[in-house]
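Student: what follows is a predicted protein model with its sequence.
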Amino acid sequence: MAGVELLFPEFLLATTALLLPGTYLLHRNAQLCGRLAVATLAVALGATWLQWFGSGAAVPATYFGHLEINLFSQLFKFAFLAIALGSGIVSLAYLGDLPHRPEFFTLLLTATLGMLIVASATDLLTLFIGIELAAFSSYALVAFQKHDDGSTEAGAKYLLIGAFSSALTLYGISLLYGLTGTLEIAAIAANDWGASFSGVLFVAILFIIGGLGFKVAAVPFHAWAPDVYQGAPTPVTAFLAAGSKAMGFVALLRIFVTALGPALAEWQMLLAIIAVLTMTVGNLAALRQQDIGRMLAYSSVAQAGYILAAFPVMTELALGGAIFHILVHAVMKGGAFVIVAAVGMAGLGYTVESYRGLAQRSPLLALTLTVCLLALVGIPPFGGFFSKFWLFYGIFQAAMAGQQWLLWLVIAGVLNSALSLFYYLRVIRNIYTEDSQGEARPFGGHTRYIALAVLLLLTLLIPLQYDSILMLCREAAASLL
Amino acid sequence: MKRFFALVLLLALLPAAAAETQTVTVSQSGDGSSYFFEPAVLQVAVGDTVIFVWQNGSHNVAQASDVEAVSYESGFRSGDPQAGGNWTLPAKYTAADGTLEYLCKPHVMMGMRGSIIVGSGAAPIPEMALSFGDFPWLSYLLLLPLLGALWCWGFRNHPGAPRIIALGTTAATLLLSIVIFMKAGSGSGYRLMEEYVWSSQFGVSLLLGVDGLSAPMVLLTGILGPLTVLFAWEERKRPALFFGLLLVMQTAMLGVFVTLDYFVFYLFWEVVLIPMFFLIAIWGGPARRYAAYKFFIYTFTASLVMLVGFMALYFESGAQSFSMIEIAKHSGSFAPIFQKWVFAALFVGFAVKMPMVPFHTWLPDAHVEAPTAGSIVLAGIMLKLGLYGLMRAALAPLPLGAEYFVPVMVALAIISIIYGAVLSLAQTDLKKLVAYSSISHMGIALLGVATLTELGMAGAVFMMFAHGLLSPAMFMIAGMLLHQVGTREIPKLGGLAQKQPYTAALVVIIFLGSLGLPGMAIFVAELAVFIAFFESHGYWLLLPIFGMVLTAGYHLWALQRSLFGPLSEQVDVTKVHEAPWYEQWPMFTIVALAILFGVLPRLLMAPVTVACYDILRLMGVA
Amino acid sequence: MIPLLHYVLFSSALLLIGGYGVVRNRNAIVVLMSIEIMLTAANVNFVAFAEFWHDMAGQVFALFVIAIAAAEVAIGLAILLSLYKQRDTIELDMLDLLRW
């Protein structure tokens, strides 16, 4: 089969995931297993990078009509692997000497594998299996600290709500199958929906939004996010906030933009309303939070709203901006949670108050967290500004080109950006203007490298190279349309 | 004061006396077969007034770019077609030599057009001269403070090193800015241009250039740099971060002044906020957190509105470029309603920064809580960003919008002048007094811009520069008092001149300069603005003049209470002494510069006038 | 030959029953069971539509869903068990450590 080497990262992850428990049985060295998993992720990441830039001729390649590796999937495969690598490195230190670490890393690998499958799935069956693989692994990851009340409770909540929502998605998919007689996304897209409003299709769309809206934490399916983000081990939170969310958007892009793109009229207004609701509710709720995990969770909800705003627009530019923002959001939110993990590990706690005087304890972590938060607001010159700007630029362009009601999305986005400043500034103020209290253990060395990488990404690489990154995202978006 | 008032009126009335009034009939023949302006070609002298009189039929009068144009473009416009009545071509449109083409929108196809030849009738439609530099002066100007900031950060464990690095860097920046000011000269168009393409798919580029409008601002930023550092010489709390932030801020502000691209302009505009937020939040007074918060949220929200305006300009122009030069070329195709909305959006962003009443409430808080160095930068440069942005980014592409908002701008400016002055009278804290007087002074500058005349706008820029010199000096005085006496409350002070005669002399000169003493820079600016305002709005001038009387009042009151009279017994005056060298020299420098530009205003007026004339030409009104 | 409509009605009824169970019950195990009923509803749909369209993909999907449901129960019971060990209860109302 041509281009089978493009599936190397998937095969590698699957093999290592299967071998890890055996390795542990043979060597009884949990740290070794963790390092092996991290090394695997690093190799897979490197392989994706090489395939992407090394062999342009082999892309795109399809496999039995179930998987297709193209620019879009390579882009997201790369992102998922990078996120998994980051949270894997942090987990090495974060987990300390908890029991069952080999299982943790096995689950991390399988979750990543699920995401990789979602990134390149071309039919609904493969897509669903990928989502479920990632979801089941993350249920267990969330509940991993099984002697910690919060972690177990978060796991149970995540499981019940997650299973419920995937049942909804599944029912939606079955209705869609009944309407079109096919599971292949390209074939569904070729279906002629006609001009009239179809009730059954709308019901199917409602079910699918209900299920995938849960994954991306869109209002009104967001209630789980703060609980789970607060309760889960923080590296897992970073993984969920950055990776699982991006996976949800990949699935949404595949289903709505590609498969149901021709039926735009059915869901355009619905998604626009959900987008505005999501950003507003997320920001308003974040204002009141004292726990930093919950605050970042609600900010995550709000960011999902910004990204969803590009869906009803359905232009290459807006979707390219949305993809750009999904990727940058993974960096910002992942980076923020990595630092939250480090501060928690140092015994400082998880409230907004525990960030008092962080600048004196560790200037680098303080600076990185500040940059991440300012980038989340969308203040230049940090990475978040560029992705958000071009996202709303795309919407604005569509609004000026004729669909004037879309201007409301831009206005809502602008107002929400201003609103979000309040709660981010609260943390930043604590970091720099308060004096530190109490003693803390030193921050882990791994965290420092990740913080530095995030900092460089947000302040140098993304701002300077946004043109070429956005060009890639636009090409990826074009392949969806 | 009386003599000053008389002088203003005399100067203002002189040109008005010579002007004549001309009439153009707007009409159609009784059977509707021909439509005409009578006379179709009118020859007027500079300063004449033209009145259009409607006789029968529905017509309008709107400026066109040339004799072939069939749609109106930027410039004057009588409004929707009207029947009967008359309309006066605003006097400012005949302020300089040129040929003004106009037409009647409904009947232009039937040949209803005319022209007014003003003076000798030179060609009115401008092509801005762009000259690319042979050496990347502006890039170095932007890079230098940034490198200095990094360098400071590198020496964060040496308490004495950052200030020396900062002083060296700002001194070098000052030299560069002087070179740039000289090279910019007083010719028309942009100089020393550089272009680095950043995004080819959207037309974003780091487009740098200076003209007579930005060069003085660059010079001002350069001058204030070392003075700020000197004044903060004894900063002990995290000096590396402090001086690093000051330097980052300098880069950002210089960036706003030298960039000619809307996207990059917005970028630098926002970057200014971040260091300022930290300067207030970390080194500020007791309520610093609240003040920093308020400052950041106010200005950020306003600038988001401005950003939406920029995006609208970009899309509407269809130029596929964020370059201000390119977008201004398309101003003719912007519909009046579009221009009004976008101008409103931009104006909100700029008015908060200026700040104009009612958007001003962040300013007193920020000033009172900011450390002295922060106040210097805030009052000296940041307040100027708003007005600079208005002139640079909003006027040229949106002439109709600007014209529509002239009454609003005039009203806000006058309210700010009087409100700022009245509140200054009521303040006992010297810093608050200066903060409110800043609102008042910036009101005068906005008034100058709102006249949309060469003289008024030049006066406004001159005011920005002069106020940018003198208000930092006032804040230096406040900072010095706080060091020595431990309070800034004016009622608690008294007789300080006995203890520090030389410093007191400096203080007196600075206060007098700030209230508008002839011979110092602010006087020139006020005079220019008032003359221009009198020409365009007549006796409304009395209102800002009233504000000036109040200004004189509170300045003299504060001066008298704090320096003279018996030695205060409410505070510990034993430690009062002459200001140390690092406080005295900055003040002395400022006094010297204020007098220099007050006596030789031409140094600054020459380039500024040309730049303002360029803007008016781009707007199609000159 | 049973008409397609009957299958759809049946599956809708199953879905509603399952959904009602999820919303009404406070016992985590029962909630998990209700979710299984909802998955079954989707399965009925898949098999019926596969027959209607003469397309095997739907039946394959149904097989996969059965496996997925089994995995879901396995992981769900494990998590609920560890919850039970800590709290001695699996009533959902007791999950109040983290605010909903």
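Tutor: Good, I have the coordinates. Every value quoted in this text rests on a predicted model; they were computed, and no experiment measured them. Numbers count the residues shown, from 1 in each chain, chains lettered A, B, ... in the order given.
Student: quick check: chain neighbours aside, which residue is closest to residue B:564?
Tutor: residue B:497 (5.8 Å; CB to CB, 6 or more residues apart in numbering or on different chains). For glycine as for every other residue, the C-beta is placed from the backbone atoms N, C-alpha and C.
Student: need the residues of chain A near chain B, please.
Tutor: Proximity of chain A to chain B, by CB under 8 Å from any CB of the partner chain, involves residues A:374, A:377, A:379-381, A:385, A:389-390, A:392-393, A:396-397, A:400, A:410-411, A:414, A:417-418, A:421-422, A:425, A:429, A:432-433, A:466-467, A:470-471, A:474.
Student: now those: which count as buried?
Tutor: Among these, those scoring as buried are A:374, A:377, A:379-381, A:385, A:389-390, A:392-393, A:396-397, A:400, A:410, A:414, A:417-418, A:421, A:425, A:429, A:432-433, A:466-467, A:470-471, A:474 (criterion: 16 or more other CB atoms under 10 Å in any protein chain shown).
Student: residue ranges of the strands in chain C, please?
Tutor: Counting by DSSP state E, no segments of chain C form strands.
Student: and if you look at chain B?
Tutor: B:21-28, B:35-38, B:41-44, B:49-54, B:62-64, B:86-89, B:98-103, B:113-118, B:130-132, B:190-199, B:204-210.
Student: give the partner strands of the second one in its sheet and their orientations.
Tutor: Right, the one you point to is strand B:35-38. According to DSSP bridges, strand B:35-38 forms sheet pairs with strand B:21-28 (antiparallel).
Student: quick one: the strand it pairs with to strand B:98-103, angle?
Tutor: 20 degrees (axes from the mean of the first three to the mean of the last three CA atoms, to 10 degrees).
Student: strand B:21-28: which residues count as buried?
Tutor: B:22, B:24, B:26-28.
Student: what's the closest of those to residue B:416?
Tutor: residue B:22 (36.5 Å; CB to CB).
Student: show me the shaky parts of the chain.
Tutor: In the absence of a named chain, chain A is used. For chain A, the stretches with pLDDT under 70 are A:1-2, A:54-60, A:195-196, A:444-445.
Student: wrong one, chain C
Tutor: Scanning chain C for pLDDT under 70 picks out the ranges C:1, C:94-100.
Student: state which helix of it is the longest.
Tutor: When chain C is parsed with DSSP state H, its longest helix is helix C:57-87.
Student: I'd like to know which elements that one is packed against.
Tutor: helix A:124-142, helix A:149-180, helix C:28-53 (3 or more CB pairs under 8 Å, 6 or more residues apart in numbering or on different chains; DSSP states H and E).
Student: now these in a markdown table, with mean neighbour count?
Tutor: Shown next, in a markdown table, are the helices and strands packed on helix C:57-87 (neighbours: other CB atoms under 10 Å in any protein chain shown):
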| stretch | mean neighbour count |
| --- | --- |
| helix A:124-142 | 24 |
| helix A:149-180 | 25 |
| helix C:28-53 | 21 |
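Student: which positions in the longest helix of chain C come out as buried?
Tutor: Within helix C:57-87, the residues scored as buried using 16+ other CB under 10 Å are C:57-58, C:61-62, C:64-65, C:68-69, C:72-73, C:75-76, C:78-80, C:82-84, C:87.
Student: quick check: angle from it to helix A:149-180?
Tutor: 170 degrees.
Student: kindly calculate the angle that helix C:57-87 makes with helix A:124-142.
Tutor: 10 degrees.
Student: how far away from the center of its chain is helix C:57-87?
Tutor: 9 Å (CA atoms, centre = their mean, to the nearest Å).
Student: tell me how far residue B:244 lies from residue A:431.
Tutor: According to CB to CB, to the nearest Å, residue B:244 stands 16 Å off from residue A:431.
Student: looking at those two, which is more packed in?
Tutor: residue B:244 (27 against 22; other CB atoms under 10 Å in any protein chain shown).
Student: burial measure for the residue in the stretch 1-150 of chain A positioned nearest to chain B, as a count.
Tutor: As assessed by CB to the nearest CB, chain B sits closest to residue A:71 within the stretch 1-150 of chain A, at 16.4 Å. Neighbourhood size, residue A:71 [other CB under 10 Å]: 18.
Student: for it, give its distance to residue A:477.
Tutor: To residue A:477, residue A:71 is 10 Å away according to CB to CB.
Student: okay, now the unreliable bits of chain B?
Tutor: Looking at chain B by pLDDT under 70, you get B:1-19, B:46-47, B:65-75, B:90-98, B:119-127, B:622.
Student: state which helix of it is the longest.
Tutor: Chain B, longest helix under DSSP H: helix B:454-485.
Student: what's the local residue count around the nearest residue to residue A:348 once chain neighbours are set aside?
Tutor: Computed as CB to CB, 6+ apart, the closest residue to residue A:348 that is not its neighbour in sequence is residue A:354, at 4.4 Å. Around residue A:354 there are 22 other residues, counting by other CB under 10 Å.
Student: now the residue in the stretch 101-250 of chain B positioned nearest to chain A, which residues is it bridged with?
Tutor: Closest to chain A within the stretch 101-250 of chain B is residue B:199: 3.9 Å, counting by CB to the nearest CB. Beta-bridge partners recorded for residue B:199 (DSSP bridges): residue B:204.
Student: so who does it touch?
Tutor: Residues counted as contacts of residue B:199 (CB atoms under 8 Å, 6 or more residues apart in numbering or on different chains) are A:466-467, A:470, B:205.
Student: can you list the residues of the stretch 251-400 of chain B near chain A?
Tutor: Counting by CB under 8 Å from any CB, the residues of the stretch 251-400 of chain B close to chain A are B:266-267, B:270-271, B:273-274, B:278, B:281-282, B:288-289, B:292-293, B:296-297, B:300-301, B:304-305, B:307-308, B:311-312, B:315-316.
Student: out of those residues, who's near chain C?
Tutor: Answer for these near chain C: none qualify (CB under 8 Å from any CB).
Student: excluding its backbone neighbours, what's nearest residue A:134?
Tutor: Nearest to residue A:134 is residue A:114, by CB to CB, 6+ apart, at 3.1 Å.
Student: contact partners for that neighbour?
Tutor: Contacts of residue A:114 by CB under 8 Å, 6+ apart are A:129-135, A:137, A:247.
Student: redo those residues as CSV? Include distance to residue C:47.
Tutor: Output for the contacts of residue A:114, formatted as CSV (distance: CB to CB, whole Å):
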residue, distance to residue C:47
A:129, 18
A:130, 23
A:131, 21
A:132, 19
A:133, 23
A:134, 26
A:135, 24
A:137, 28
A:247, 28
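Student: which of those residues lies closest to chain C?
Tutor: Nearest to chain C out of the contacts of residue A:114 is residue A:132 (CB to the nearest CB; 5.3 Å).
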